[in-house]
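Asker: give me coordinates for this.
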Amino acid sequence: MRLSNIGYYIKEGFNGIFRHKAMSLAAIISIVIALFMLGSIIVFGLNVSNIIGDMESSLEVIIFLKDDMPDQAIEQLDSDLRNMEGIVDVRYISKADAFEKWKEQFGEQSDYLEGYTAEDNPLPRSYEVRLKEPSYADNVVNALNGREGIEKVQYNSEVADTLNRLVTAVRWMGLIIVGILLVIAVVIIMNTVRLAVFARRNEINIMKYIGATNWFIRWPFIIEGAVIGLIGSVLSLALLKILYDFAMDKLSGILNMVKLIPVNDAMNIAMLIIMVTGIVAGIIGSAVSIRRYLKV
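Answerer: Numbering: from 1, shown residues only. Coordinates of the predicted model:
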């Protein structure tokens, strides 16, 4: 590309969009639909992954300590837990803390606990440990079982295993679906751009016959494809943001227990994929489509 011709290429690229408004509009609409579908799946997958992540973080390993476990041994256990791989949070529950939780669980029937005090009650001291993900559970539990001073290590392994399999399945399914939609979006965009180029085949042939080089003819079409892809990307992102914002507003009162990803965070993640897909597909669609008409 000659630097002296850049202005001409850009001007002709934009002129091509306005000169053939119907074809440009059809191309933009096709791109918006394809990229909106892609963006919807990406945002849905992000939310599913986020919900599963919250479920993962709620799974805890509970370590019950023996009453005669010395303070020095507890301090060592605390240090070991905080340095153990896969553990993201460690919380010590004293007998007093356990007693307060016990009272909350009994609620209005807390009179049944009369006679017990914060320090004089049958509840053991314990640690509540939150894992980074369920796959770390076995290593953590195995490292703690049989350790001196520990009465019992409690962990719902069945729920953890099920959740772990669900996480893996959702992630793979998400990648596969996004990959398929990515290919479909690119194919739709390329075919639409190809139709736009086909409608201008006579214009290309005339330029070829009067001596224009292949790249002199090709660059305005490539810029035109990139601009159409960019416009389609921006419009699809705007539509996706509006509908996602609307959905969040409607679902906020229904799904109180489900934490959805904020609109801006979801858009920031989806933006890169959608913008790159739209622009690259527009460029490739133009470059590939025009190639056959340059063979005169």
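
Asker: domain assignment for this structure?
Answerer: 3-55+163-294, 60-155 (automatic domain parsing).

Asker: for the first one, what is the distance to the chain centroid?
Answerer: Here the centre of mass of C-alpha atoms in domain 3-55+163-294, compared against the chain's by CA atoms, centre = their mean, to the nearest Å, lies 18 Å away.

Asker: and for the last one?
Answerer: Relative to the mean C-alpha coordinate of its chain, domain 60-155 is positioned 34 Å out (CA atoms, centre = their mean).

Asker: give me the mean pLDDT for that domain.
Answerer: Domain 60-155 comes out with an average pLDDT of 81.

Asker: outside of stretch 61-80, which residues touch it?
Answerer: Stretch 61-80 is contacted from outside by 81, 90, 92, 124-129, 131, 137, 140-141, 144, 147-155, using CB atoms under 8 Å, 6 or more residues apart in numbering. Backbone N, C-alpha and C define where each C-beta goes, glycine included.

Asker: the stretch 1-150 of the chain: strands as residue ranges?
Answerer: Counting by DSSP state E, counting those that start in this stretch, the stretch 1-150 of the chain has strands at residues 60-65, 87-93, 126-131, 150-154.

Asker: and the residue nearest to the spatial centre of the chain, what does it touch?
Answerer: Centrality entry for the chain: nearest residue to the mean C-alpha point is Leu46, 3.2 Å, by CA atoms, centre = their mean. For Leu46, the contacting residues are Ile261, Ala266, Ile269, Ala270, by CB under 8 Å, 6+ apart.

Asker: tell me the spacing between the first one and Ile269.
Answerer: Looking back up the chat, that one is Ile261. Ile261 sits 8 Å away from Ile269, going by CB to CB, to the nearest Å.

Asker: specify which member of the contacts of Leu46 is nearest to Ala281.
Answerer: Of all the contacts of Leu46, Ala281 sits closest to Ala270, with 15.9 Å by CB to CB.

Asker: what helix or strand does that closest one sit in?
Answerer: Taking DSSP states H and E as the definition, Ala270 sits inside helix 263-291.

Asker: for that helix, packing partners?
Answerer: Counting contacts by 3 or more CB pairs under 8 Å, 6 or more residues apart in numbering; DSSP states H and E, helix 263-291 packs against helix 21-58, helix 157-198, helix 214-251.

Asker: buried residues, it. List them.
Answerer: 263, 266-267, 269-271, 273-275, 277-279, 281-287, 289-290 (16 or more other CB atoms under 10 Å).

Asker: ditto for stretch 29-42
Answerer: Ser30, Ile31, Val32, Ala34, Leu35, Phe36, Met37, Leu38, Gly39, Ser40, Ile41, Ile42.
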